[in-house]
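S.K.: Sharing a model prediction with you, sequence too.
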Amino acid sequence: MLERLNQALDHLETRLDQEVDMAEVARIAAVSEYHFRRLFSALAGMPLPVYVRRRRMTLAGAEVLAGELTLLDVAVRYGYGSGEAFARAFKSVHGIGPGEARRTGAVLTAQPRMSFRVVVEGATSMRYRIVEKESFRVVGRKARIPLVHEGVNAAAAAHLESLDEQVIVRMKELVHQEPEGILSAVVHLTDSREEGAEVDYWIGVVTGPGAAAEDLDDLDDLDDLDVPAGTWAVFDNHGPYPSAVQELWRDVFTQWFPSNPYASRPGPELLRTRLVEIGAETDSQLWIPVERSSG
């Protein structure tokens, strides 16, 4: 899998001075374009279009400083129809416009070529099972928060604290299937898993798809999310909170997916964990929506 991904990135690299056919890049990786974008974002920590723009502007920056081509020629070479569009893209990466960079010989920002490899550290194993789950409903309270890869997510903690005890007790009464108890659900709004990318973050419970509206009437300001039937990879974990969970999430996408015949699919990612003091040991269970990979 990693070999195919690297072949796809090599192909992409040869197309930076022309329009990139992402469907063709994905075919080389032997996955759909949707899954290629999701997998790249999870492994690289940035969306694929951002990487392509940064690589293009890295190459363009060298040509701007070299001074052999006009700025418009450089813009056209890297796929920009106008000097203004090129200048905006250039400044978004380098923090300075191409004209000023050429005049002053400015220090620019380089995005190195990316390749993927598996690095094994220690002897940590990943315990998982595959579950075929019928459709269900998440009932809870939703907030839009930024992703945090390390340490406590202050926005997530504040959202949890906003729920009063009465609401939590009532939600627990609705639970009748796994994962049981109060849990969190993350719905990604884009393909990006970069630090700071916004997600819809739920604190709630899993209940049946036919949870009657009258059962929810006494729960003010709660939302519900209907989730279709599908396959889930379930990972059990034990370790210090919250670092062990964050590392598990990372390892699922950087190690487990490339090593197993599954790909991620759209759907909420569910986490059930026992809250403890920062750094204390706790048990967690992570549910990731998956499907059999065609690659």
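M.R.: Nice, I can see it.
S.K.: isn't there a helix covering residue 9?
M.R.: Yes: assessed with DSSP: H, G, I helix; E, B strand; the rest coil, residue 9 lies in a helix.
S.K.: So the residue nearest the centre of the chain versus residue 147, what's the distance?
M.R.: Among the residues of the chain, the one closest to the centroid is residue 193, at 2.7 Å (CA atoms, centre = their mean). Using CB to CB, to the nearest Å, residue 193 is found at 7 Å from residue 147. The C-beta positions use only the backbone N, C-alpha and C, and glycine is treated the same way.
S.K.: In the stretch 151-295 of the chain, where is pLDDT below threshold?
M.R.: For the stretch 151-295 of the chain, applying pLDDT under 70 flags the ranges 210-221, 259, 294-295.
S.K.: Please, where are all the helices along it?
M.R.: Taking DSSP state H, counting those that start in this stretch, the helices of the stretch 151-295 of the chain run over residues 154-161, 165-172, 243-251, 257-259.
S.K.: Mind checking those helices for the one nearest to residue 26?
M.R.: Among these, helix 257-259 comes nearest to residue 26, with 15.0 Å by CB to CB.
S.K.: Just the CA atoms of stretch 283-295, as PDB, please.
M.R.: These are the backbone C-alpha positions of stretch 283-295, laid out as PDB (Å, rounded to 0.1, in the frame of the first residue of the first chain):
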ATOM      1  CA  ASP A 283      -9.400   2.600  29.000                       C
ATOM      2  CA  SER A 284     -10.700   3.800  25.700                       C
ATOM      3  CA  GLN A 285     -12.500   2.400  22.700                       C
ATOM      4  CA  LEU A 286     -12.300   4.000  19.200                       C
ATOM      5  CA  TRP A 287     -14.800   3.200  16.400                       C
ATOM      6  CA  ILE A 288     -13.800   4.100  12.900                       C
ATOM      7  CA  PRO A 289     -16.100   3.700   9.900                       C
ATOM      8  CA  VAL A 290     -14.400   1.500   7.300                       C
ATOM      9  CA  GLU A 291     -15.000  -0.500   4.100                       C
ATOM     10  CA  ARG A 292     -13.100  -3.200   2.300                       C
ATOM     11  CA  SER A 293     -10.400  -1.700   0.200                       C
ATOM     12  CA  SER A 294     -10.400  -2.400  -3.600                       C
ATOM     13  CA  GLY A 295      -6.600  -1.900  -3.600                       C
END
